Structures are given as C-alpha cells and as structure tokens.
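[1] starting from these lines, generate the structure:
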Amino acid sequence: MEEGREYQKAIEYLCGLVKNGELKIGSKLPTERKLAETLSIGRNSTREALRILENMGLIACRQGSGNYITGNMTKTISGVVEMMLLLRQVTKEEVFIFRRDMEKAVCRAVIAKGNIEKWYDEILEILSGDLNAQSLEEQIETDRRFHYMLIQATENQMWICISEAIVTIYQNWIESVLKVADLDMKQKLKEFHLALLLALKKGSWKLCEQAVDSHYDLVDEKLSQISDKFSL
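    The predicted model follows:
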C-alpha cells in the first residue's frame with residue numbers, strides 16, 4: 001500500500017474491530033503507537049485515520065484519555081448537507097421543504113408508535129415557560145428542545161439520527177427568525193407547538209399536519225423576508 005494511503009489500512013482495521021464486536025460504543029481505541037505497530041504503518045498515517053474517523057463522528061478524542069467509539073453519525077449527515085448547501089447542490093428552500101415534510105413523517109411515526117403519553121408531560125413542561133419572562137437564548141433553547149423531544153418520541157434510531165442532523169442545520173435559521181420575531185409571532189409559534197402536541201395526544205394525523213403547516217408557513221415566510229437582508 002502506498003505510504004500516502006496507509007491511513008486506509010488503519011480505518012479498515014478499526015472498522016473490522018467494530019464489525020466483529022471487539023469495539024462498541026464507549027470502547028477505547030488502541031493508542032496511535034499501538035495501531036502503528038500492529039499494522040506496520042507510520043504514526044502520521046495512524047493519526048490521519050483517527051482524524052478522518054473523528055470528522056465522521058465515529059470516534060471522539062478525550063483529552064488526556066484517548067480515543068473512544070461514539071457512533072455520532074448525526075455529525076456526518078449534518079456535514080454532508082452543509083457541504084451540499086455550500087456547493088449549491090441543494091438550496092435553502094429545498095431544505096425548508098424537507099424539514100417540513102420530515103416533521104410530518106416524525107409525527108406519523110410517533111402516532112404509529114402509540115406512546116405519546118410516555119412523553120407528553122415532559123414535552124408539555126418544555127412549553128410551559130412564560131415568553132415575557134424568557135430571554136432570547138431561553139426561547140431558542142425551548143424551540144430546540146421541543147423539536148428534539150418530538151424526534152426522541154419516535155423511539156426509532158434511524159429517525160433520531162437523520163432528523164437530528166437536519167434539525168442541526170435548520171436550527172441556525174430558526175434562531176435567525178426568533179432574533180427578529182416580535183412577541184406576537186413567538187406566541188403564535190408556541191400555540192402551534194401546543195396544537196401539535198395535543199394532536200399527537202389525540203392520535204390525529206390531520207390535526208398534526210395542520211399544526212405543522214401552520215408552524216412552517218409562518219417560519220418560512222419570515223425566513224424568506226430576512227434572507228433578502230442577511231446571509232442564512
């Protein structure tokens with residue numbers, strides 16, 4: 001193997017350890033030195049392999065402790081979508097549409113799971129804050145946590161991984177909206193959140209769809225207004 005491609009040998013070796021069960025989420029990886037000695041490759045190649053795996057979200061480095069398997073593939077998917085936006089392979093508008101449709105699909109998954117009662121009180125608590133008393137940062141965090149918990153309520157790791165990746169991308173735009181939104185708009189968004197939660201509790205897909213569309217009609221209209229002034 002060419003010296004410049006030796007890092008692939010390390011990647012394949014570590015992926016093999018994951019495949020055969022020797023490495024699992026939370027497992028500590030062999031040291032750079034150990035990997036280099038085991039595979040008869042240079043330390044630089046080993047370091048490059050670890051850097052690639054970290055960028056993919058497969059591993060994380062803990063300062064002073066070593067590298068560990070994390071399996072955070074959400075990071076990889078977010079990175080891919082961000083690059084597609086930069087390369088103009090997709091548009092912001094296409095992401096907006098996908099985000100709306102994805103939330104509807106998440107609602108379907110939650111209804112199909114039939115366990116919203118398990119999550120209802122916790123999600124309702126997130127929405128219980130007084131907008132007048134909340135700082136902008138608290139309002140942004142409330143919005144993030146609400147959508148995050150809806151995804152968690154699917155209890156489906158595929159939905160959680162993919163949805164969180166898209167939410168991560170979309171969250172920056174939501175923050176832009178909340179920074180310029182007046183109290184009336186923020187109150188409407190809260191009402192749509194509550195309506196969506198109630199629709200899930202009733203198990204009504206039609207009401208869920210209405211709540212999601214009302215929410216994103218308002219958000220997307222504001223996004224289109226501010227995108228003319230700011231780079232989103």
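[2] show me what the helix or strand of the chain with the lowest mean pLDDT is packed against.
    Least confident helix or strand, the chain: helix 73-86 with a mean of 84, by mean pLDDT, DSSP states H and E. For helix 73-86, the packing partners by 3 or more C-beta pairs under 8 Å, 6 or more residues apart in numbering; DSSP states H and E come out as helix 43-56, helix 92-113, helix 157-180. All C-beta spots, glycine's among them, are computed from the backbone N, C-alpha and C.
[3] cutoff 6 Å now
    Packed against helix 73-86, as judged by 3 or more C-beta pairs under 6 Å, 6 or more residues apart in numbering; DSSP states H and E, are the following elements: helix 157-180.
[4] mind listing what's buried along the helix it packs on?
    Buried residues in helix 157-180, counted by 16 or more other C-beta atoms under 10 Å: 159-171, 173-174, 176-178.
[5] give me the contacts around that helix.
    73-74, 77-78, 81, 99, 102, 109, 139-140, 143, 147, 151, 219, 222-223, 226, 232 (C-beta atoms under 6 Å, 6 or more residues apart in numbering).
[6] quick one: V167 and T46, what's the gap?
    Distance of V167 to T46, given as C-beta to C-beta, to the nearest Å: 34 Å.
[7] over to T168?
    Separation of T168 from T46 (C-beta to C-beta): 30 Å.
[8] now name the helix or strand holding A60.
    In this structure, A60 sits in strand 59-62 according to DSSP states H and E.
[9] tell me the average confidence for that strand?
    In this model, strand 59-62 carries a mean pLDDT of 87.
[10] by contact count, what packs against the very next helix or strand once past that strand?
    The helix or strand immediately downstream of strand 59-62 is strand 66-69, counting by DSSP H and E. When contacts are defined as 3+ C-beta pairs under 6 Å, 6+ apart, strand 66-69 sits against strand 59-62.
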